[in-house]
Structure formats: structure tokens, C-alpha cells
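**Student:** What shape does this take:
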Amino acid sequence: MDSKKAFVNKTLTTVFIALLIDILAFTIILPLFPRLLQYYDTKDGNNKESFYFFFLSYVRKFKTLIGGSGSQLDVVLFGGAIGSLFSFLQFVSSPYIGSLSDKYGRRNILLLSMIGNGVSMLLWLFGKSFEIFVLSRVIGGLTEGNVQMSVAIISDITTTETRSRGLALVGIAFSLGFTLGPPLGAYFTNFDLLHYFPSLSWLPINNYSSPALFALVLIIIETIYLYFALPETNNFDNFAKKSINTTATDSKPEIRRSARLAGKSAEIAEDFTIRKKTPSQSDAIASQTRVRNLSLIHFLFLLFFSGMEFTLTFLTHDRFDFSHSRQGMLLGYMGLLSALVQGGYVRRMAGKKVSERTMVIQGILSCSIGLTICALSSTVPVLFAGATFLSFTSGTVVSCLTAMTSLAGDTRISKEDGGSMIPGKEHFDSSAKAKPGEGNNRGLALGQFRSFGQLGRSMGPIIACSTYWILGPTVAYTASAFLLTCVLLLFGILSNEKKADKAKSI
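**Tutor:** Predicted coordinates for the structure are as follows:
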């Protein structure tokens with residue numbers, strides 16, 4: 001058991017470090033969108049034959065549709081459109097990435113994903129033209145799988161009791177990455193590669209290629225680290241059994257005999273458990289239903305939450321005339337507080353003293369309160385009070401929904417039982433003794449869950465911007481608070497399994 005615990009701890013550490021590096025590389029670009037778009041506008045803004053002008057014309061049509069005005073809004077909507085494109089591509093690719101990881105292993109698919117990330121960063125580095133820059137975002141959106149694979153790996157090696165504690169590491173990495181990454185991106189814009197290396201002028205690099213180079217270096221470091229440090233976890237359930245066999249081979253005669261007896265007893269108990277607990281068709285359908293319900297809640301939550309999150313900088317600028325530094329201070333405060341919630345509350349309490357379901361309820365309720373406070377805020381302290389509630393939401397809801405989905409996906413479904421997450425793709429396998437790469441649906445379930453969330457994240461900013469500019473911030477934030485309260489009520493109904501448990505016992 002000591003070797004198993006050491007394996008789990010080492011793998012969790014590897015996943016956390018790699019994910020933090022990945023998120024740092026991903027968030028470096030966030031504060032650069034306005035400058036990058038200004039660069040491309042100066043270069044191609046008056047060229048009616050350019051792809052940039054074609055893209056911008058549709059952004060301006062949308063701006064006119066929502067009643068917006070000003071060139072600054074062009075930049076905001078343009079950046080939002082590119083961000084939404086990335087999330088939409090994640091919506092498309094996530095289920096397939098998860099399905100492939102079930103078949104070929106988490107480690108192999110993650111390393112392939114890292115190659116895609118590297119290509120994306122390389123194209124950004126040489127993105128002197130807007131077309132190449134957009135292509136880099138497309139490749140990045142289709143191949144990004146680090147977050148999804150990290151969740152699957154942690155789910156593979158944790159138990160029901162420790163699942164939320166392990167998955168909280170993903171939230172902590174996100175909070176730290178989103179706090180540190182944007183300032184790093186802004187810092188590296190001070191270094192013009194062509195100024196320091198004039199001999200590179202023949203390459204298609206732009207004034208903001210330095211952050212891209214730094215992000216590429218981070219991706220290379222992360223890939224090398226994962227290659228040497230990350231084990232395969234897709235069939236981690238066999239680890240304890242192999243440990244027993246190893247002990248039986250390498251120890252003294254009396255220890256080997258005890259280990260063999262222990263292994264035999266474990267096999268008998270396992271066979272009995274399989275015969276007794278192999279999920280029936282109704283269990284399989286119930287598992288699929290839980291995953292789909294949680295995916296729906298994930299979609300609805302991020303649809304409203306991500307939209308208001310996107311417009312928060314509008315609110316601080318319009319009402320309080322925040323400078324970039326003060327906006328950075330607010331976002332940094334929210335990021336650090338979210339990390340503290342993940343580490344101090346979710347990791348310590350989830351699944352022990354407080355259920356994941358309760359934490360989700362607390363988080364969505366906190367979001368409704370926070371948005372209402374922001375809608376009515378007229379002073380900076382009141383704004384920060386609303387941001388505090390939103391930080392609690394960031395630290396709880398998605399992490400705990402992910403844990404619930406992972407646990408729901410642990411039920412395996414056979415082909416005979418029918419049903420699959422993607423029509424025509426792999427079915428769940430009811431065999432608890434599945435061979436390596438077979439019969440594990442966890443990656444597929446988590447892929448579907450993430451896919452729905454990314455769809456909400458791609459649509460949220462567009463809807464929120466439209467509502468904000470047409471109806472104003474007070475109505476936009478109040479309406480989102482009300483709609484999230486409806487999501488909370490829906491979650492309460494869909495996640496209440498008492499009726500289902502009662503029906504099973506009859």
C-alpha cells in the first residue's frame with residue numbers, strides 16, 4: 001500500500017506541475033489581444049482583400065446590431081470572437097480526445113496534445129499575418145487536452161473519498177495560472193525580438209513574438225517533463241494486484257506465502273464483487289443520465305457565468321474608471337482568493353464533511369449573490385464584495401461538478417446494455433477485468449462534460465456583450481443572477497437521487 005500511495009502522490013505532483021506550466025503558457029496571450037489586434041489593424045485594417053478586414057467587417061455588423069459604438073468595442077468584440085472560437089473548437093474535440101484516451105491511454109494522448117500545442121505556439125511565434133495567427137488558435141483549440149487529461153488521470157488514481165481533493169489541484173493550478181500568466185505575457189511584450197536579434201528580420205515574426213517564444217519554451221519544457229515523469233494511469237486499478245504479485249516474488253518464503261494467500265483472497269473477493277455488483281442495464285442508463293445531467297448544468301452555468309466574467313472589465317471601466325493596473329489588481333485578488341478556496345475548503349472538506357453536491361449549490365448561490373451585488377455596486381468596496389462571492393464560485397462549482405461527473409462515469413456499461421456518449425463511438429464496458437485500453441469510459445464521460453462546458457463558454461461572452469450594451473450593466477447582471485438561480489433549482493432537481501435510490505430498493 002505504501003508503494004501505491006507513493007505512486008499516487010508522485011503522479012498528482014507531476015500532473016499539477018505540468019498543468020500549471022500549461023495554463024501559464026495558455027494565459028500569456030490574454031492581455032495581448034488588444035495589442036495584437038491593433039498590430040493587425042495597422043497592417044491590414046484598410047486592405048479590403050485581407051482576411052483581417054473580412055473578419056472585422058462581421059464584428060462591426062454585430063456591434064451595430066447590439067447598438068454599440070466606438071473603436072474600443074471593436075477590439076473587445078474581436079478578442080471575444082477569437083476566444084469564443086477557441087472554446088467552440090474545444091467543444092468539438094473534447095469528446096474525441098477523451099474517447100481516444102480510453103482506448104490508447106492518457107499519457108499517449110496527452111503527449112500528442114502537447115505536440116499540437118507546440119505547433120500552435122510556433123505558428124503564433126511566426127504569426128506576422130492574421131491568417132497564421134488565427135490558424136494557431138484553431139490548432140490550439142482542436143488539440144488542447146491537458147486540462148481534460150489531467151482530470152482523467154486524477155480520476156484514475158483517486159478513490160471516491162479522495163476524488164474531490166485530487167481534482168481541487170486542477171482548480172488551484174487554474175487560479176495560479178490565471179493570476180501569474182497574464183502579467184508574464186505583459187512583461188515579455190517589452191522585449192522585441194527584432195531589436196535584440198536583427199538577423200531574424202527575414203522571419204515572419206511580429207512585435208509581440210517574444211511572449212509567443214516564452215510560451216513555446218514552456219510547452220517544450222512541459223512536454224519533456226511529461227514524457228519522463230508521467231506514467232500511464234488508464235488501468236490503475238490493476239496496480240494493487242501487481243504490487244501483491246511483486247511482493248510474493250521478491251520477499252522471504254513466509255512473506256511470499258502470505259502474499260500469495262492475500263492475492264488469492266483478493267481475487268476471490270473481486271470475483272464475488274463483480275458477480276454481485278456488475279451494473280445492470282438500469283444502472284448503466286442511470287450512469288449515462290447523471291453524466292448528461294451534469295453536462296447540462298455545466299453548460300448552463302458557464303453560459304451565464306463566463307459571460308458576466310468577460311464583461312466585468314467593462315463594468316469596472318464604465319462605473320469606476322479602472323485603469324489596467326487596477327483591473328489587474330481586481331482579477332489578481334479574485335484569482336488568489338479562488339486558489340485559497342480550492343486549497344483551504346474544497347481539498348479539505350469535499351467528500352468528507354461537505355458533499356460535492358452541497359458545494360455546487362453553495363457556489364451557484366454565491367454567484368447569484370455576487371452578480372446582484374455587482375449589478376447594484378456604486379463604490380469600489382461594494383464591487384470587491386461582489387467579486388469575493390464570485391471568487392468563491394470560481395473555486396467550487398466547476399471543480400465539484402467535475403468530481404461528480406468523474407464518479408458518475410466510474411460505472412461501466414457494456415455494449416449489450418446499449419447506449420454511448422457519442423453515437424457510433426465506444427460504449428461503456430461492464431467488465432471489471434477490462435484489458436488495457438478497453439472498457440474504461442471515464443475519459444469519454446469527462447470529455448462530454450468538458451465539451452458542454454466549452455460550448456457554454458463560447459456562447460456566454462457573445463450573449464453577455466449583447467445584453468450589456470443593449471440593456472446596460474444593471475439589467476445584464478441582475479438577469480444573469482436570476483437565471484443562475486434557475487440553474488441552481490434545476491441542479492437541485494436533477495442531482496437529487498433519493499427518488500432513484502428509493503425506486504431501486506423496492
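
**Student:** Could you use CA atoms for every contact and neighbour count after this?
**Tutor:** Fine.

**Student:** didn't Leu303 look like it was pressed against Gly460?
**Tutor:** Yes - counting by C-alpha atoms under 8 Å, Leu303 does reach Gly460; the two are 4.4 Å apart.

**Student:** Keeping just the C-alphas, turn stretch 464-483 into PDB.
**Tutor:** C-alpha atoms of stretch 464-483 as PDB (Å, rounded to 0.1, in the frame of the first residue of the first chain):
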ATOM      1  CA  ALA A 464     -23.300  38.800 -22.300                       C
ATOM      2  CA  CYS A 465     -21.800  41.500 -24.500                       C
ATOM      3  CA  SER A 466     -25.100  41.900 -26.400                       C
ATOM      4  CA  THR A 467     -27.100  42.200 -23.200                       C
ATOM      5  CA  TYR A 468     -24.600  44.500 -21.600                       C
ATOM      6  CA  TRP A 469     -24.600  47.000 -24.500                       C
ATOM      7  CA  ILE A 470     -28.300  46.800 -25.300                       C
ATOM      8  CA  LEU A 471     -29.800  46.800 -21.800                       C
ATOM      9  CA  GLY A 472     -27.000  48.100 -19.600                       C
ATOM     10  CA  PRO A 473     -24.900  46.500 -16.800                       C
ATOM     11  CA  THR A 474     -27.600  46.700 -14.100                       C
ATOM     12  CA  VAL A 475     -30.100  44.700 -16.100                       C
ATOM     13  CA  ALA A 476     -27.500  42.400 -17.600                       C
ATOM     14  CA  TYR A 477     -26.000  41.300 -14.200                       C
ATOM     15  CA  THR A 478     -29.400  41.100 -12.500                       C
ATOM     16  CA  ALA A 479     -30.800  39.000 -15.200                       C
ATOM     17  CA  SER A 480     -27.800  36.600 -15.100                       C
ATOM     18  CA  ALA A 481     -28.200  36.400 -11.300                       C
ATOM     19  CA  PHE A 482     -31.800  35.400 -11.800                       C
ATOM     20  CA  LEU A 483     -31.000  32.800 -14.500                       C
END
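
**Student:** Now do that stretch: everything it contacts.
**Tutor:** For stretch 464-483, contacts defined as C-alpha atoms under 8 Å, 6 or more residues apart in numbering pick out 66-68, 77, 304-305, 307-308, 310-311, 315, 367-369, 371-372, 374-376.

**Student:** what about 6 Å?
**Tutor:** Ile66, Phe304, Gly307, Ser368, Leu371, Thr372, Ala375 (C-alpha atoms under 6 Å, 6 or more residues apart in numbering).

**Student:** Please give me every residue in contact with the fifth one.
**Tutor:** If I follow you right, that is Leu371. Leu371 makes contact with Tyr477, Ala481 under the criterion C-alpha under 6 Å, 6+ apart.

**Student:** count of neighbours near Tyr58?
**Tutor:** 12 (other C-alpha atoms under 10 Å).

**Student:** ranges for the helices of the stretch 301-450 of the chain?
**Tutor:** 324-341, 347-349, 356-376, 380-408, 442-471 (DSSP state H, counting those that start in this stretch).

**Student:** Next: the stretch 151-300 of the chain.
**Tutor:** If DSSP H, counting those that start in this stretch is used as the criterion, the helices of the stretch 151-300 of the chain fall at 163-188, 193-196, 209-229, 239-250, 253-277, 281-320.

**Student:** Report the buried residues of stretch 319-333.
**Tutor:** Buried residues in stretch 319-333, defined by neighbour count with 16 or more other C-alpha atoms under 10 Å: Phe322, Gln327, Gly328, Leu330, Leu331, Gly332, Tyr333.

**Student:** Looking at those residues, which one is closest to Leu19?
**Tutor:** Each of the buried residues of stretch 319-333 was scored against Leu19 by C-alpha to C-alpha, and Gly332 proved nearest at 19.1 Å.

**Student:** The closest one: what's it in contact with?
**Tutor:** Thr179.

**Student:** Could you report the distance from it to Val346?
**Tutor:** 20 Å (C-alpha to C-alpha, to the nearest Å).

**Student:** now swap in Leu176 and tell me
**Tutor:** Counting by C-alpha to C-alpha, the gap from Leu176 to Val346 is 16 Å.

**Student:** Farthest pair within the contacts of stretch 464-483?
**Tutor:** So, those by C-alpha to C-alpha: farthest apart are Ile66 and Ser368, at 25.0 Å.

**Student:** more crowded one of these two?
**Tutor:** Between Ile66 and Ser368, counted using other C-alpha under 10 Å, the more crowded position is Ser368 (27 against 16).

**Student:** Give me the nearest residue to the more buried one, chain neighbours excluded.
**Tutor:** Of all residues beyond its chain neighbours, the one nearest Ser368 is Ala481 (4.3 Å), with distances taken as C-alpha to C-alpha, 6 or more residues apart in numbering.

**Student:** and that neighbour, that one's in a helix?
**Tutor:** Yes - per DSSP: H, G, I helix; E, B strand; the rest coil, Ala481 lies within a helix segment.
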